[in-house]
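Student: Sequence and predicted structure are below.
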Amino acid sequence: MNLSLLLLHDSNTNEDDIHTISKKLENVYQIKIGARRIQEIDSFAFDASREQYDGQKLLNKLIDDMKLEFFFWIIQDDLFVPLMNFVFGLASKYHGAIISFYRLENLDMKIKECIHECGHIYGLGHCDNECVMQYSNSLSEALEKPPYLCDECKTTLQKNKDFLYKAKNK
């Protein structure tokens, strides 16, 4: 089964981080990663009063306007969604995700959050087990969760990937 994920990133993202994250995602999800650079974040989603970008607007633009599927966009700017002060990232099941490195302190945290958001792309929900798919409402919660999928999430992931592979090859 050969599923792939397009990795997008802004021009300010460290290339070594992109390479490391790509390899981790390929390993965890057994997928092929492609890379492409997006130079600018569209200013239409910037909320000047918050000094943040509306992550949902950015994600919707890639899905609805650019018609992208199975993509992962890494940015350096701060994100929010309505009713929340900030988000590390957000995803749309079977479409794509956006993640902000703005509040993530080190490469290990960036990798964990990338694995987490990628899980949402492939249909995983939040998990109550000792798992990277645990919901993180704060930086301390993000630090505490492990960098791996639990057995339940691995089983769900395999079922979802089988479904996607069959749907893609009809």
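Tutor: Nice, I can see it. Keep in mind the model is a prediction, meaning the values are calculated, not measured.
Student: quick one, what contacts residue 80?
Tutor: 47, 50, 52-55, 86-87 (CB atoms under 8 Å, 6 or more residues apart in numbering). Every C-beta, even on glycine, is put in place using the N, C-alpha and C of the backbone.
Student: Repeat that for residue 96.
Tutor: Applying CB under 8 Å, 6+ apart, one finds that residue 96 lies in contact with 59, 62-63, 68-73, 121.
Student: returning to what we had before: among the contacts of residue 80, the buried ones, what's the PyMOL command?
Tutor: Filtering the contacts of residue 80 down to the buried ones (16 or more other CB atoms under 10 Å) takes a single PyMOL command:
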select buried, resi 52+53+54+55+86+87
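Student: And the contacts of residue 80, which is closest to residue 166?
Tutor: residue 55 (31.0 Å; CB to CB).
Student: Contacts only, for residue 50.
Tutor: Contacts of residue 50 by CB under 8 Å, 6+ apart are residue 80.
Student: and it, that one's in a helix?
Tutor: No - counting by DSSP: H, G, I helix; E, B strand; the rest coil, residue 50 is not found in a helix; it is coil.
Student: measure residue 115 to residue 153 for me?
Tutor: Taking CB to CB, to the nearest Å as the measure, residue 115 and residue 153 are separated by 10 Å.
Student: Lovely, talk soon.
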